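Undergrad: predicted coordinates and the sequence they were generated for:
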Amino acid sequence: MYAGFWLRLKAFAVDYLLILAYLAVLLIFSVFLMPSLQGWFQESQITAQIAGFLLLTLPVSLYFIITDSRVGKQSIGKRKMQIRVVDENNRSISICRSTFRIALKFLPWELSHFMAYRMMYMEDGEVLLVDYFIGGLIYGLILLYILMVFFTKNNQSFYDYFAKTYVVKLKYS
């Protein structure tokens, strides 16, 4: 049986507690142990984007890539909610497929980081048409991701559909 939106959201909420813990460690590290990291976000938009990707997006993505693949089988949140990501043959997915799935899943998140850094470094304060487009794309993708879980017969999100993956409930006896 396929996992619905609310079950998937609960699993992500549990995983997000881990992400928040990681953010707290990162904050403590950057404030007390290595304050020079903060300078990376002040040099330029490109440096800030790369630093944000390396310090935040990449570690969080790797957590989900590994745990949702056949290597980890389930993230901590998915394990708690007794769901997992599988392929069309109900098998755990490869690292490659998991990477593609997570890249699509976190695309709105990374685009929002891009826009945050872009807005911080705007020199004349003029918002361009492309800024509105990217902002709309972020919210459009999030809405599409959510609606597809409700309105597809297999409860697939956009990223699941293109990665040919499914989030299923586990059957325990």
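TA: That came through fine. Please read these numbers as outputs of a predicted model, since none were measured by experiment.
Undergrad: the nearest residue to residue 4 once chain neighbours are set aside and residue 33, how far apart?
TA: Nearest in space to residue 4, with sequence neighbours left out and distances taken as CB to CB, 6 or more residues apart in numbering, is residue 155 at 5.4 Å. From N, CA and C alone the C-beta is placed, and that goes for glycine too. For residue 155, the distance to residue 33 (CB to CB, to the nearest Å) stands at 43 Å.
Undergrad: ok, the two, which is more surrounded?
TA: Neighbour count, other CB atoms under 10 Å: between residue 155 and residue 33, residue 155 has more, with 20 against 8.
Undergrad: wasn't the more buried one part of a strand?
TA: No. Going by DSSP: H, G, I helix; E, B strand; the rest coil, the assignment for residue 155 is coil, not a strand.
Undergrad: so residue 48 is in contact with residue 38, correct?
TA: No. Applying CB atoms under 8 Å as the test, residue 48 and residue 38 come out as separate, 10.5 Å apart.
Undergrad: same drill for the two, tell me which one is more crowded.
TA: residue 48 (20 against 11).
Undergrad: hang on, that one in a strand?
TA: No. Counting by three-state DSSP, residue 48 is located in no strand; its state is helix.
Undergrad: now do the strands in the chain.
TA: 83-86, 166-169 (DSSP state E).
Undergrad: what's the last one packed up against?
TA: The reference is to strand 166-169. strand 83-86 (3 or more CB pairs under 8 Å, 6 or more residues apart in numbering; DSSP states H and E).
Undergrad: give me the contacts around the strand it packs on.
TA: 3, 7-8, 11, 68-69, 73-74, 78, 92-93, 98, 101, 160, 165-170 (CB atoms under 8 Å, 6 or more residues apart in numbering).
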